[in-house]
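Student: Everything below, folded, please.
(chains A, B, C and D, ligands or ions: 4)
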Amino acid sequence: MIHPVPVPGHEGTYVDGLRLALFEEMERDPNVIVLGEDVGVYGGAFRVTEGLLTRFGPSRVLDTPLAEEAIVGAAVGAAIRGLRPVAEMQFMDFISRGFDILTNFAARNRYRTGIGVPIVVRGPSGGGVHGGPFHSQNPEMYFVHTPGLKVVAPATAADARGLLKAAIRDDDPVIFFEHKFLYRRAKEVLPEGDGLVPIGKAAVRREGTDVTVLTYGSGVWIALSAAERLAKEGIDIEVVDLRTLRPLDEETILASVRRTSKCICLHEDTRTGGLGAELSALLAEKAFEFLDGPVLRVTAPDTSVPFAPSLEEAFLPNANTLIRAVRKLTAY
Amino acid sequence: MIHPVPVPGHEGTYVDGLRLALFEEMERDPNVIVLGEDVGVYGGAFRVTEGLLTRFGPSRVLDTPLAEEAIVGAAVGAAIRGLRPVAEMQFMDFISRGFDILTNFAARNRYRTGIGVPIVVRGPSGGGVHGGPFHSQNPEMYFVHTPGLKVVAPATAADARGLLKAAIRDDDPVIFFEHKFLYRRAKEVLPEGDGLVPIGKAAVRREGTDVTVLTYGSGVWIALSAAERLAKEGIDIEVVDLRTLRPLDEETILASVRRTSKCICLHEDTRTGGLGAELSALLAEKAFEFLDGPVLRVTAPDTSVPFAPSLEEAFLPNANTLIRAVRKLTAY
Amino acid sequence: MTDVSPEIQKNLYRFMLLTRLLEERLVNLYRQGKIVGGFYRSLGQEATAVGTAMALAEGDIFFPVIRDLGATLVRGVAPRQILCQQMAREGSPSRGRDGVLHFSIPEKGIYAPIAMLGTAVPVMSGMLLADRYLGKKTVGLTYLGDGASSVGAFHEGINFAGVNRLPLVVVFEFNRWAYSTPYEKQCGAMTLADKAPGYGLSAKIVDGNDVLAVYEAARTAIDHARSGNGPFLLECKTYRLKGHAEHDAQSYIDRAEIEEWKKRDPIARFEKRLEDDGVLFAAGRDEIRHEISRHLDEDVDWAEAQPSPLPDYEFRGVYADEDLLVERQQEIFVGGDPS
Amino acid sequence: MTDVSPEIQKNLYRFMLLTRLLEERLVNLYRQGKIVGGFYRSLGQEATAVGTAMALAEGDIFFPVIRDLGATLVRGVAPRQILCQQMAREGSPSRGRDGVLHFSIPEKGIYAPIAMLGTAVPVMSGMLLADRYLGKKTVGLTYLGDGASSVGAFHEGINFAGVNRLPLVVVFEFNRWAYSTPYEKQCGAMTLADKAPGYGLSAKIVDGNDVLAVYEAARTAIDHARSGNGPFLLECKTYRLKGHAEHDAQSYIDRAEIEEWKKRDPIARFEKRLEDDGVLFAAGRDEIRHEISRHLDEDVDWAEAQPSPLPDYEFRGVYADEDLLVERQQEIFVGGDPS
Ligand SMILES: Cc1ncc(C[n+]2csc(CCOP(=O)(O)OP(=O)(O)O)c2C)c(N)n1
Ligand SMILES: Cc1ncc(C[n+]2csc(CCOP(=O)(O)OP(=O)(O)O)c2C)c(N)n1
Ligand SMILES: [Mg+2]
Ligand SMILES: [Mg+2]
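Tutor: Ligands and ions are numbered 1, 2, ... in the order given. As a prediction, this is how the structure comes out:
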């Protein structure tokens, strides 16, 4: 029993957005293939690829051995010969096993040889579901730091669809971080039409005048819920959903911070060397004169993601930690 | 014909410093072992382990198969059972193949299980010798971003010795980035005595009043040569050699920047998400009120390290690029 | 006839049964929403985990993977520790920091693997290298599913162990499935033991649902390794009677296949054999079962009464120097106040 | 007697000789400091690279590694391209961005590997998967040293290729050494071909210094792969007569071993055979040699006259959109002025 394919113009979850994107792109372009562990018969550990095998057959939907380097490597090779492979990591934590080929083969091939590698490597990242240290990671920065890759991290169902479609059509390797906590929690009407969302463009999710919060993935929802509570205190924050982490949408980021003059970077990834660092450096370089206070970071602490719900809750940034930072910054 | 073991109190190169550290530590502690590709009979591709096999025998100096994950994994296992393994990567670029075990096993073991993993993974990084995209990388940020690891990057011969000794004695996993361009170019008298240099302490290599340059590895020498030329223009820069990249010596960094009020982060690693980002964020958080100008970054651009000397020269940051940034910042 | 003592035979039985009954309790708790994260059963595979672990000597070491609950019990882990572990309560050997069987109890020779399958092989090789250097006669064991055999870390690790003739026994828990992926899609070799010549190793295939056969084969493998003959690949042919985890209804498997394997249930088979050989009869079995059940009831009550671990908002314990970077961690809670 | 045509035999000879003479030029340039980076010879291994590449059909693809200069020449790479590549001059197929044999010329079926040995195997598997899907009958070939066989990526890639029955031929260039590491320390298996059963593959061992034998075995392997029988492991037993690279004096090797292998020089052996079989005599060989030498002299002069590539201070070409991030790159030169 396969769940029906989601339909544009109707409500769908984040997973629906991803599924729809895969169906639409595979329908549109016969060179799009999907490979990964349990993506075929089973439809993926989180059911993102459900129904693809039935519709597109085993030559386009491949159940692979348990071997991420083979999955990523095969995707790279297939891309070099003209296909548009979408490789699933069962959990994004396991991308560590494809790290070498991603950062050294996929990322550098165009610069070295002129031949692009249009792959998408996608899968669930993030915490909040008690997955413990190896099923909750946010390993995006390893790839943001690697020239040649693009990194995308949608926060909404429509973006999950629109960005995945854009990632598949992109001529460069895209590492696509889905957030598993949002898989069935983020819902909305999926837009009519092709719903493409361009890579490299941030979205202002809430306009505000006092503080800009730069964030992505689960952080967007944290920021929006904090915004409501802060509004009651008369503090008006602007929430920028970065959506693409590499390349950053400097225009939107800078426009917002130049207007609010205060900025907090919020992410679920650990602190040191996280995206907040790059954002802070960018603002130092390009908005220094506009800043009326220090750029703050609200992030996870520098540990592994603990397993017990009580510990994980303390580990994850949330509306409270963000609100405290906003208050501190507005009081500055 | 093995080169004689370097002697404290005499001049030695950066490689001599490393060799001396290995000899001294293996002599001191029978639990120190060395493993890697060609480290035994051949003495290492860059001769850092030369003579160890003769002195300490094959049970402590292991020539391994060509397999970095096995090397790193075996080091981790040996450390868990009480040894202090020093694993060589023939080039630090190949650490990508041990990435999973380093970032997931070694880094997280103490937090997860209470059992520490006192390994050192060391090897040559950096460009300037026309090694091309895979023999010139500076992959330090992947490890700075990983909680549980320490990251060290000496710039001088004495530090190469003193920090390697400290790394071997450290109870946590240390990723030790040597700079191959400095291997035979950096020379000085290696101090008498044990010459230990503590992890986590930066060194002010040159005091100055106008601009702080935060840097490490090859950057230290670039900054020192720029400083001389800038002095002739009446610009007085302070050069801070970070030495340890994780944990950062916040005290020294902040003291310097609070004094000079201006800061440039200089590194050979690529720009986006490089250490400069973390330093900039740190200063935003803790020295915002002291800054009289934007924190600038002088780094390599976001590409692979190109092979041709003409291209590599354009890629690597140098005294000219630093001087231009200093002038811009002092004029701010 | 076997030369395995009745005492050991009864223990093999006891630990298989304990595994099954403990897992049944855990399934109940799972259904009540009390288990944290997924729950992975070893139903039908108890003989492999128990038989191999029973063959280890004091001081030997291993990494359990998802279906090796039985092995940890054999080595003396208390059911209440497992219950706390799976419910993420105080008293769990991982102190709530990790899940499933990811915990280290060095005194019992148990080490926490990471989730990345296959990585245990190079790490175990290093552990054995160290022990040999330190003059210990340790044998080390890694459990690997048919799926895990595809991981590059297995290759690098077993090759390293082979060259260094380390006393490593790889137990292949061949249960035909890796999540939903059948062996035909996992590997082109007839059997996993066929990998042995590629590393110059010895190997043996054993009926993984015959606990006596597993135990005897494991003894041979362990002796081989301990005697300095290098690693040994022991392939246990067994079957995963349940889905990958409790949420998985196994809809991708032909029911007939499952029914066929149910007939080879390792516990029922061993009961018959114990009876045929005159080692243990219905009354004795009932006694064992009742004793286990009684203890498990107490254990469940006790474990359910344990609190969740209290968060340490300083996030200590990442480095040997507990205070290292703690100040930085506190900044997360802007101003150091976590509340 | 062989059924290989005299034409092909002469070509096998020509390309082995071209490889050797070109490398001799390169060594000279190396001694003059004109080679950028290290220089790696294939002296003594020419038969393996040339014999295997000659067996490929038009449209087939491969990744050359450090000792496969001969294979690239067979596929039509011009010596002057190699000279420019090794001197990092304009005209090098990698445009000065990468070194050694790291360049891609898709029309000739040549793809640049990365330096991380073994990674070519999964990537080639993907290339062949794509070609099969696109209806092409491509066979792909990866060269792997005995050292490279230890890398996890080889394992994952060949297993993937085996399960998918991809038309992949792995040529093991078994030359006993990986840098200074002898095979005994590399792998516990008798031969690399012993890895085949572990993936359900066919394999063959061939005298890698007998170019005809290599060619014939490669044809068999390639036919096998192209006919849908899955990957084939072809182990060529050869020997690295020089050090790992020019800087390496091979002091770790017993001279007698090298002398022994010098006697099996593939070019001298083939010369004798050609003569015995009446295919090519001294005069014909001299003619070939002179022609090659004359061209190489011109090529060296030409290549030495080429300029170094000019830096592009905007560092374009990292992404498909050439302008992407270029502004950011220019900031490196604070203010956009690189001079
Ligand atoms: C490297 C890696 N990739 C993916 C996973 C996710 N995963 C966990 S268990 C599993 C299936 C394991 O199959 P197998 O090794 O046969 O063991 P079994 O479950 O059958 O006991 C998968 C895919 C993982 N743990 N590690
Ligand atoms: C993964 C990886 N580790 C280390 C190296 C460094 N390295 C380059 S060639 C080489 C030896 C290769 O030996 P082998 O595979 O036998 O090939 P051969 O040189 O004998 O042709 C080494 C260690 C590398 N290129 N890749
Ligand atoms: Mg299995
Ligand atoms: Mg070799």
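Student: Just list the residues touching the residue of the stretch 151-300 of chain C found nearest chain D, thanks.
Tutor: Nearest residue of the stretch 151-300 of chain C to chain D: C:Gly152, at 2.3 Å (CB to the nearest CB). Where C-beta positions appear, they are placed from N, C-alpha and C, glycine not excepted. Listed by CB atoms under 8 Å, 6 or more residues apart in numbering or on different chains, the contact partners of C:Gly152 are A:Ala67, A:Glu69, A:Arg97, B:Glu69, C:Gly118, D:Val151, D:Gly152, D:Ala153, D:Phe154, D:His155, D:Glu156.
Student: So which of those residues wins on neighbours?
Tutor: Using other CB atoms under 10 Å in any protein chain shown as the neighbour criterion, D:Glu156 leads the contacts of C:Gly152 with 36 neighbours.
Student: which strands and helices sit next to the strand ranked longest in chain A?
Tutor: Longest strand in chain A, counting residues (DSSP state E): strand A:263-270. Strand A:263-270 sits against strand A:211-215, helix A:218-232, helix A:275-286, strand A:296-300, helix A:319-330, with contacts defined as 3 or more CB pairs under 8 Å, 6 or more residues apart in numbering or on different chains; DSSP states H and E.
Student: Figure out which of those is closest to chain D.
Tutor: helix A:275-286 (7.4 Å).
Student: check whether the closest one contacts chain C.
Tutor: No. Counting by CB under 8 Å from any CB of the partner chain, chain C has no neighbours in helix A:275-286; the shortest distance is 11.2 Å.
Student: Please apply the same query to stretch A:48-66.
Tutor: Yes. For stretch A:48-66, a contact with chain C is found by CB under 8 Å from any CB, at A:Asp63, A:Thr64, A:Pro65, A:Leu66.
Student: Next, see if stretch C:107-124 gets close to ligand 3.
Tutor: No. Contact between stretch C:107-124 and ligand 3 is absent, the nearest approach being 10.0 Å (criterion: CB under 5 Å from the ion).
Student: which parts of that stretch are buried?
Tutor: Across stretch C:107-124, burial judged by 16 or more other CB atoms under 10 Å in any protein chain shown covers C:108-124.
Student: which one of the contacts of C:Gly152 is nearest ligand 1?
Tutor: Checking those against ligand 1 by CB to the nearest ligand atom gives A:Arg97 as the nearest, at 5.3 Å.
Student: Enumerate every residue touching residue 174.
Tutor: Here I'm looking at chain A. By CB under 8 Å, 6+ apart, A:Val174 lies in contact with A:Ile119, A:Val120, A:Val121, A:Leu149, A:Lys150, A:Val151, A:Val152, A:Ala167, A:Ile199.
Student: ah, I was thinking of chain C
Tutor: C:Gly145, C:Asp146, C:Tyr183, C:Thr191, C:Leu192, C:Gly208, C:Glu235, C:Cys236, C:Lys237, C:Thr238 are the contacts of C:Phe174 under CB under 8 Å, 6+ apart.
Student: Give me the three-state assignment for the closest residue to C:Asp68 other than its chain neighbours.
Tutor: Closest residue in space to C:Asp68, ignoring its immediate chain neighbours: C:Ala49 at 4.5 Å, by CB to CB, 6 or more residues apart in numbering or on different chains. Secondary structure, DSSP: H, G, I helix; E, B strand; the rest coil: C:Ala49 is helix.
Student: still on that earlier bit, so which of the contacts of C:Phe174 wins on neighbours?
Tutor: Counting neighbours by other CB under 10 Å, C:Gly208 leads the contacts of C:Phe174 with 30 neighbours.
Student: Going by secondary structure, whichever residue of the stretch 51-200 of chain C sits closest to ligand 2 is in what exactly?
Tutor: Closest residue of the stretch 51-200 of chain C to ligand 2, CB to the nearest ligand atom: C:Glu156 (10.2 Å). Element membership of C:Glu156 [criterion: DSSP states H and E] is helix C:152-163.
Student: Relative to the whole chain's centre, how far out is that helix?
Tutor: Helix C:152-163 sits 20 Å away from the centroid of its parent chain (CA atoms, centre = their mean, to the nearest Å).
Student: quick revisit: now render the helices and strands packed on strand A:263-270 as a markdown table, adding mean neighbour count.
Tutor: Converted to a markdown table, these look like this (neighbours: other CB atoms under 10 Å in any protein chain shown):
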| stretch | mean neighbour count |
| --- | --- |
| strand A:211-215 | 30 |
| helix A:218-232 | 20 |
| helix A:275-286 | 26 |
| strand A:296-300 | 27 |
| helix A:319-330 | 20 |
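Student: which one of those lies closest to chain B?
Tutor: Nearest of the helices and strands packed on strand A:263-270 (CB to the nearest CB): helix A:275-286, 3.6 Å.
Student: for that closest one, the distance to its chain's centre please.
Tutor: 19 Å.
Student: Would that helix count as contacting chain B?
Tutor: Yes. Shown here: helix A:275-286 in contact with chain B (CB under 8 Å from any CB) through A:Leu275, A:Gly276, A:Ala277, A:Glu278, A:Leu279, A:Ser280, A:Ala281, A:Leu283, A:Ala284, A:Glu285, A:Lys286.
Student: And stretch C:106-114, by the same measure?
Tutor: Yes. Part of stretch C:106-114 sits near chain B under the criterion CB under 8 Å from any CB, namely C:Pro106, C:Tyr111, C:Ala112, C:Ile114.
Student: likewise stretch A:234-245?
Tutor: No. Judged by CB under 8 Å from any CB, stretch A:234-245 makes no contact with chain B; its nearest approach is 9.4 Å.
Student: Let me see the backbone angles for the closest residue to A:Asn104 other than its chain neighbours.
Tutor: Among residues not flanking A:Asn104 along the chain, D:Ile114 sits closest, at 4.9 Å (CB to CB, 6+ apart). Backbone torsions for D:Ile114, taken as degrees, to the nearest 10, come to phi -90, psi 170.
Student: show me the contacts for D:Ile114.
Tutor: A:Asn104, A:Phe105, A:Arg108, B:Pro133, B:Phe134, D:His102, D:Ala120.
Student: I'd like to know how far it sits from C:Asp312.
Tutor: From D:Ile114 across to C:Asp312, the span is 43 Å (CB to CB, to the nearest Å).
Student: do the same with A:Asp63
Tutor: To C:Asp312, A:Asp63 is 42 Å away according to CB to CB.
Student: pretty sure C:Lys185 is touching A:Pro65, no?
Tutor: Yes. Contact criterion CB atoms under 8 Å: C:Lys185 and A:Pro65 qualify, at 6.8 Å.
Student: can you list the residues of the stretch 101-250 of chain C near chain A?
Tutor: C:102, C:114-117, C:147-148, C:150-153, C:178-181, C:185-187.
Student: Can you list the buried residues in stretch A:152-165?
Tutor: Result for stretch A:152-165 [16+ other CB under 10 Å]: buried residues A:152-165.
Student: and which of the residues you listed is nearest ligand 4?
Tutor: A:Val152 (41.2 Å; CB to the ion).
Student: end to end, how far does stretch A:305-317 reach?
Tutor: 12 Å (CA to CA, to the nearest Å).
Student: Just confirm yes or no for it near chain C.
Tutor: Yes. Stretch A:305-317 is in contact with chain C by CB under 8 Å from any CB, via A:Pro306, A:Phe307, A:Ala308, A:Pro309, A:Ser310, A:Leu311, A:Glu313, A:Ala314, A:Phe315, A:Pro317.
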